[in-house]
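Participant: what follows is a predicted structure for the sequence shown.
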Amino acid sequence: MILKAEDLTLAFPGFRLRVPRLALAPGEVLVVLGPSGSGKTTLLRLLAGLLPPEGGRVTGGLRVYLPQTPPLLHRSVLDNAAFGLLLHGVPREEARRRAQARLKEVGLEALAHRPAHHLSAGEAARLALARALAVEPEVLLLDEPTANLDPANALRVEALLRRAAEEGRGVVLATHNLFQARRLGHRLLFLHRGEAVEEGPVAEVFAAPKDPRTQAFLRGELVF
Amino acid sequence: MRLLALLVLLGPALALRLATTTSVYDSGLLDRLLEAFLRETGIRVQVLAVGTGQALRLAERKDVDAVLVHAPSLEREALARGITAEPYCLAQNAFLLAGPEADPAQVREAENVLEALRRIAAQKAPFVSRGDRSGTHLKELELWEKAGLKPQGPWYLESGAGMGQTLVLAAEKGAYTLTDLATFLTVGKRRGLKALYAREDPLLLNQYAFHLVPGSPGEGEAQRLRAFLASEEAARIVAGLRVEGTPLFAPLRGRCAFPLRP
Amino acid sequence: MPPAEILEIALRSLAVAGGATLLAALFGVPLGLWLALRGGGGVWGRVLLYSGLALPSVVVGLLFYLLLSRSGPLGFLNLLYTPWAMVLAEATLAFPLIAAFVLSGARGRVEEVRLLVRSLGGKERHVLPTLLAESRRTLAAALAAGFGGAISEVGAATLVGGDIRHHTRVLTTAIVVETRMGELHAALALGAVLLGIALLVTAFLVILERE
């Protein structure tokens, strides 16, 4: 298990986030599914260690979190990609080398010296991924990574995530896109109003949802 | 490192600091005198041109080593309080009443300066005062008092500025003003002001005196400057400063027109 | 005024204002960033900073005069009527200006930078240097504002510098002297030089910020 959470709780205006247990194996893609406002972002941030829980604990290897719109620094694409490595103390020359390799993987090597702010949404998403992968995380936590992207770019990003999982990393993906969940996920966690309602292998949950709330959501009836 | 900083800081502190009034400074007399002094002794003098009041205050705080001012009443007080010492009466010139060519108050025909002022007040002709407690301003106030008048009203303007600027203001407003000869010749005349009352009059005497500041860091150098100012060469320089042929100052050679010692 | 003297005065203005700006930035930039990191410094932080902006320069000059005077507490330093005193006074006036500019500019990006740093596994101590690197445009504006304030300073400069010819006379105090003597053309010429310098330095900062 490269990520484990037990008895996580956090109070919010309006609801309580409550996730009794969560476990992620290497190479596994866990999709956190739920309507808007269900606490997906909060859960992801808790798992990433960006928010302290009120109760419970999170343990695991190196985790990198990607928010929905990844922040870009006022520097070149290459220097943005290398930023994570610099934070971890890697010397500048080596960081740039490794970042360049990652840029190649995501298909951005031609834009390495362009100012990062000139990138399109799809290119920016791939840059964020390259930056995250450069630090060799054991777990990737992504918040709606393709929500703002056109279909072509969305598929490219999904391919990259699939490959990251194949390399042995754990991926936790928050989405409200049912189709994406089906395509990418191995396991699924359905969140409603902060509560971990149902959990299990993706195919199973989709075929036979146990909880009426899950059923309603999968039918497209549960909006929040 | 500290030693270096100290040496850098001490450098300027070893120069001699002289506070003077703007009218002396602007006349250019000091430039000539101090240039000669530098050649003779190698001592560089730093000059601060401030008002008479500020000059004496700086002396009190020992921020300067000597002063050159022209306000006998304030000077006597400073000497009495030990703020300054060993005064040397260096030069004199005259104040005069300047004003517009038209001369609405007919100052040209006044018998003496007090009557000239009375005419101005009676006519309520515009008059610009320095208003800054400078030597010139104090002399002006003294004259109003002697004339038995208290000038106030929209015709009496206080500029709070130096003599040059005050003359510019007077020229703009077609007003009268009391000015020293040097600044009148260099600034006022060029702006169209006329010397309307410029006669020999003991009341209009303007005396410049040099004082030491006892206990100041540059006291030794100040003594040497005093000795230089008392020399014949200095007297020659004072007498030699002219504008359009008119001498700006007359050397006093230590013989004070207004006594400073009690 | 002979051109050599104009050059001397202009160079001194540049040196004093430049030194003051750098000194003010040394303290003002970290303070602005630090306050930004702490969410704007709260009410008290801002009150302090903004009242610093409203400081009348002559008051600062007067306070430094009393401090540095030979009969004052720091008289033994012999700084009064030297360019160093002017640098100190002008730096004091530029400091809140620079800090306020940096705070205002950095405040908008703090959360974003903090999120980025921490989401990649970095520590809180990485946030400040990253924020500094991201604030180049803000920094240039802050330095321009500080320099502009310093080089146009006349009240404090006169009080603590004394406007001594060949020693502490700068463009602004020289303009006052020429005006006082009625030499308005000379004063205007000096004013043009002052404007020219201010423009050049600002342009220089804008160019730097683009690199």
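Facilitator: That came through, no problem. Numbers count the residues shown, from 1 in each chain, chains lettered A, B, ... in the order given.
Participant: centroid-nearest residue for chain A?
Facilitator: Of all residues in chain A, the one closest to the mean position by Cα atoms, centre = their mean is A:Leu142, 1.5 Å from it.
Participant: bridged to B:Val128, which residues?
Facilitator: For B:Val128, the beta-bridge partners are B:Leu157, B:Thr177 (DSSP bridges).
Participant: in this structure it contacts B:Thr166, no?
Facilitator: Yes. Counting by Cβ atoms under 8 Å, B:Val128 does reach B:Thr166; the two are 5.6 Å apart. Backbone N, C-alpha and C define where each C-beta goes, glycine included.
Participant: which of those two has more neighbours?
Facilitator: Taking neighbours as other Cβ atoms under 10 Å in any protein chain shown, B:Val128 and B:Thr166 compare with B:Thr166 leading, 31 against 27.
Participant: which strands and helices lie in contact with the helix or strand where A:Leu30 lies?
Facilitator: Element membership for A:Leu30, per DSSP states H and E: strand A:29-33. Here strand A:29-33 touches helix A:40-48, helix A:151-166, strand A:170-175, helix A:178-184, strand A:187-192, going by 3 or more Cβ pairs under 8 Å, 6 or more residues apart in numbering or on different chains; DSSP states H and E.
Participant: which among those is found nearest to A:Arg96?
Facilitator: Proximity to A:Arg96 (Cβ to Cβ) singles out helix A:151-166 among the helices and strands packed on strand A:29-33, at 20.7 Å.
Participant: hmm, that closest one in reach of chain C?
Facilitator: No. Contact between helix A:151-166 and chain C is absent, the nearest approach being 15.4 Å (criterion: Cβ under 8 Å from any Cβ of the partner chain).
Participant: can you tell me which residues in chain C are near chain A?
Facilitator: Residues of chain C found near chain A (Cβ under 8 Å from any Cβ) are C:112-113, C:115-123, C:126, C:130, C:133-134, C:136.
Participant: hmm, try it at 10 Å
Facilitator: C:109, C:111-123, C:126, C:129-130, C:133-137 (Cβ under 10 Å from any Cβ of the partner chain).
Participant: keep only those of those that are in helices.
Facilitator: Judged by DSSP state H, the residues of chain C next to chain A include C:109, C:111-119, C:129-130, C:133-134, C:136-137 as members of helices.
Participant: report the buried members of the residues you listed.
Facilitator: Buried residues within these, counting neighbours by 16 or more other Cβ atoms under 10 Å in any protein chain shown: C:Arg109, C:Glu112, C:Val113, C:Arg114, C:Leu115, C:Leu116, C:Val117, C:Arg118, C:Ser119, C:Thr130, C:Glu134.
Participant: you'd agree B:Glu86 is in a strand?
Facilitator: Yes. B:Glu86: assigned to a strand according to DSSP: H, G, I helix; E, B strand; the rest coil.
Participant: quick one, grab the pLDDT at it.
Facilitator: Here the pLDDT value assigned to B:Glu86 is 94.
Participant: next up, the contacts around the spatially most distant residue from the centre of chain A.
Facilitator: Going by Cα atoms, centre = their mean, the residue of chain A most distant from its centre is A:Glu93, 28.5 Å out. Each residue near A:Glu93 by Cβ atoms under 10 Å, 6 or more residues apart in numbering or on different chains is listed here: A:Ala82.
Participant: quick one on the thing from earlier: with distance to chain B and mean neighbour count added, can I get the helices and strands packed on strand A:29-33 in TSV?
Facilitator: Shown next, in TSV, are the helices and strands packed on strand A:29-33 (distance: least, Cβ to the nearest Cβ, whole Å; neighbours: other Cβ atoms under 10 Å in any protein chain shown):
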stretch	distance to chain B	mean neighbour count
helix A:40-48	49	23
helix A:151-166	56	15
strand A:170-175	57	25
helix A:178-184	64	16
strand A:187-192	64	23
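Participant: let me have those in a markdown table, extended by distance to B:Asp103 and mean pLDDT.
Facilitator: Output for the helices and strands packed on strand A:29-33, formatted as a markdown table (distance: least, Cβ to Cβ, whole Å; pLDDT from 0 to 100):
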| stretch | distance to B:Asp103 | mean pLDDT |
| --- | --- | --- |
| helix A:40-48 | 88 | 92 |
| helix A:151-166 | 90 | 92 |
| strand A:170-175 | 93 | 93 |
| helix A:178-184 | 98 | 90 |
| strand A:187-192 | 98 | 92 |
